[in-house]
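Engineer: sequence plus the predicted model coming up.
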Protein chains: 2
Amino acid sequence: MTDVNGLTIGILGGTGDQGKGLARRFAVAGHPVLIGSRNAQRAQEAADSIGSGARGAENAVVAAEADIVIVAVPYEGHKALLESVRAELAGKIVVDCVNPLGFDKQGAYALPVEEGSAAQQAAAVLPDSRVVAAFHHVSAVVLMDPSVDKVDLDVLVLGDDREATDLVQALASVIPGVRGVYGGRLRNAFQVEALTANIISVNRRYKAHAGIRVTDI
Amino acid sequence: MTDVNGLTIGILGGTGDQGKGLARRFAVAGHPVLIGSRNAQRAQEAADSIGSGARGAENAVVAAEADIVIVAVPYEGHKALLESVRAELAGKIVVDCVNPLGFDKQGAYALPVEEGSAAQQAAAVLPDSRVVAAFHHVSAVVLMDPSVDKVDLDVLVLGDDREATDLVQALASVIPGVRGVYGGRLRNAFQVEALTANIISVNRRYKAHAGIRVTDI
């Protein structure tokens, strides 16, 4: 498996639940972690709440300094944020974990995305980056819960660059219990993002923090 | 759990791999099984190859006689077939397991569906039936393999009619190893159907017959 030891992980939108949860797990695993936000002070507060050496900064600083950058912003701000840090992300592996979802009284549903998926939108906005889609289904609650030693799910990793997907699979696997599993090309990212709506339905019905495991591998 | 004991299961398109595999498992579990095809003789040949009392007939006969009807036809013929048996399916639970996929050199990809998904197309064509979506990810190879005692996957069951989804969950669970898991409303069926493309990518990469399990439930 690809060696990801010592890589600095930046998380754009790292003050949100999902971003902060991932930041916490990577920091606990020993990675230098940079939490990005529009507001440097809020980023630093999130980093302080995580501990384990995590630091906070503005998104553009995080994009420039990190070795690998996870995008965990709300879908509404996704495209504009990526456009604003295009230069900083050039040449880097960018991991998109954004789920374009709407919510109404019947629960969550998938939003259409002009480019096909949030990940393909990232790839369109960042032609000089290596965009990978991953970490869609991880429960922020579980990631933040210090009593959860092992996170019981597989992370589907999608992308068109084998070296990049291999690295992100290895990165997912540093979280105890998690396997990074190759899940196909970016053109098949929409349904992985959208499946989060179904997982939310499962969570409601079963009062759970559901995840997905892939069998027979 | 809902009692499905003794229900006669009809399978439209039961001569295809997925339909025949499901037919075999339900027949082995003791259900009366009717295999449907456009051609009654081919339906009977498929039934004979399965044994366990399975019978074959034309799709319209199967639609009329079965208690619950599984739709396992290729997506190309999906809408036309359902239109042709609308009257026979009125009042029944119809389980759509069709995956609208295209294939090219890079593998499988999801096809757009005007109604949103194959299951929603079925619901639009069959306003007097109770349409449920399920059995998208089961491997036909695994279902047909007599050496596989337990099928290691969950079947996501989607629908807007609680009684119908409960029944289909129970039906899925008669296959040893399988759990029927509620997976959301029909409006969230597209991504479950489309995820079959990702499972095909997993199968290629890992030389597997992958399935999905839902964790924490």
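Structural biologist: Structure received.

Engineer: residues contacting the residue most central in space within chain A?
Structural biologist: When chain A is reduced to its mean C-alpha position, the closest residue under C-alpha atoms, centre = their mean turns out to be A:Cys97, at 3.6 Å. By C-beta atoms under 8 Å, 6 or more residues apart in numbering or on different chains, A:Cys97 lies in contact with A:Gln18, A:Leu22, A:Ile70, A:Val71, A:Ala72, A:Ala133, A:Ala134, A:Phe135, A:His136, A:Val138. To be clear about C-beta, it is placed using only N, CA and C from the backbone, and glycine gets the same treatment.

Engineer: quick one: which of those residues sit in helices?
Structural biologist: In this view, the contacts of A:Cys97 that belong to helices under DSSP state H are A:Gln18, A:Leu22.

Engineer: enumerate the residues of chain A near chain B.
Structural biologist: On the criterion C-beta under 8 Å from any C-beta of the partner chain, chain B has as its neighbours in chain A the residues A:106-110, A:152-153, A:156, A:158, A:181-185, A:187-188, A:190-192, A:194-195, A:197-202, A:205-206, A:208-217.

Engineer: quick check: next helix or strand after the helix or strand of chain A with the lowest mean pLDDT?
Structural biologist: For chain A, the helix or strand with the lowest mean confidence is helix A:140-144, at a mean of 93 (criterion: mean pLDDT, DSSP states H and E). Stepping forward along the backbone from helix A:140-144, the first helix or strand reached (DSSP states H and E) is strand A:154-158.

Engineer: which helices and strands sit right next to that next one?
Structural biologist: Judged by 3 or more C-beta pairs under 8 Å, 6 or more residues apart in numbering or on different chains; DSSP states H and E, the packing partners of strand A:154-158 are strand A:130-133, helix A:162-172, strand A:179-184, strand A:211-215.

Engineer: pick the most buried one from the ones you listed.
Structural biologist: Each of the helices and strands packed on strand A:154-158 was scored by mean neighbour count; the highest is strand A:130-133, a mean of 28, by mean count of other C-beta atoms under 10 Å in any protein chain shown.

Engineer: check what contacts the least confident helix or strand of chain A and list those residues.
Structural biologist: Outside of helix A:140-144, the residues within contact range by C-beta under 8 Å, 6+ apart are A:16-18, A:20-22, A:24-25, A:148, A:151, A:175, A:209, A:211.

Engineer: the strands in chain A, which residues?
Structural biologist: Secondary structure of chain A (DSSP state E): strands located at A:9-12, A:33-37, A:55-58, A:68-71, A:93-96, A:101-104, A:107-110, A:130-133, A:154-158, A:179-184, A:211-215.

Engineer: the longest one: how far from the chain's middle?
Structural biologist: So the one you mean is strand A:179-184. 14 Å (C-alpha atoms, centre = their mean, to the nearest Å).

Engineer: and the contacts of that strand?
Structural biologist: In this structure, residues lying in contact with strand A:179-184 by C-beta under 8 Å, 6+ apart are A:134, A:154-158, A:165, A:168-173, A:192, A:214, A:217, B:107, B:197-198, B:200-202, B:205-206.

Engineer: do that again at 7 Å, thanks
Structural biologist: When contacts are taken as C-beta atoms under 7 Å, 6 or more residues apart in numbering or on different chains, the neighbours of strand A:179-184 outside the stretch itself are A:154-158, A:165, A:168-173, A:192, A:214, A:217, B:197-198, B:201-202, B:205.

Engineer: the longest helix that chain A contains: which residues count as buried?
Structural biologist: Using DSSP H to define each element, chain A has its longest helix at helix A:190-206. By neighbour count, with 16 or more other C-beta atoms under 10 Å in any protein chain shown as the criterion, the buried positions of helix A:190-206 are A:190-203, A:205.

Engineer: which neighbouring elements make contact with that helix?
Structural biologist: The contact analysis (3 or more C-beta pairs under 7 Å, 6 or more residues apart in numbering or on different chains; DSSP states H and E) places helix A:190-206 against strand A:107-110, strand B:179-184, helix B:190-206.

Engineer: so can I have CSV of the ones you listed showing distance to A:Val125 and mean pLDDT?
Structural biologist: Converted to CSV, those look like this (distance: least, C-beta to C-beta, whole Å; pLDDT from 0 to 100):
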stretch, distance to A:Val125, mean pLDDT
strand A:107-110, 20, 97
strand B:179-184, 30, 98
helix B:190-206, 23, 98
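
Engineer: okay if I get those as CSV plus distance to A:Leu12?
Structural biologist: Output for these, formatted as CSV (distance: least, C-beta to C-beta, whole Å):
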stretch, distance to A:Leu12
strand A:107-110, 22
strand B:179-184, 29
helix B:190-206, 25
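
Engineer: of the ones you listed, which is nearest B:Gly6?
Structural biologist: Distance to B:Gly6, taken as C-beta to C-beta, is lowest for strand B:179-184 among those, at 17.8 Å.

Engineer: one step back: just give me how far the least confident helix or strand of chain A sits from the chain centre.
Structural biologist: The mean C-alpha position of helix A:140-144 is separated from the chain mean by 13 Å, C-alpha atoms, centre = their mean.

Engineer: what's the spacing between the residue located most distally from the centre of chain A and chain B?
Structural biologist: Note on chain A: the largest C-alpha distance from the chain mean falls to A:Lys105, namely 26.6 Å (C-alpha atoms, centre = their mean). A:Lys105 is 11 Å from chain B, where distance means C-beta to the nearest C-beta, to the nearest Å.

Engineer: likewise A:Asp104?
Structural biologist: 10 Å.

Engineer: go on, A:Val125?
Structural biologist: The span separating A:Val125 from chain B equals 22 Å under the rule C-beta to the nearest C-beta.

Engineer: OK, contacts around that residue?
Structural biologist: Taking C-beta under 7 Å, 6+ apart as the definition of contact, the neighbours of A:Val125 are A:Lys79, A:Leu82, A:Glu83, A:Arg86.

Engineer: give me the pLDDT value at the third one.
Structural biologist: Translated: A:Glu83. With respect to pLDDT, A:Glu83 scores 98.
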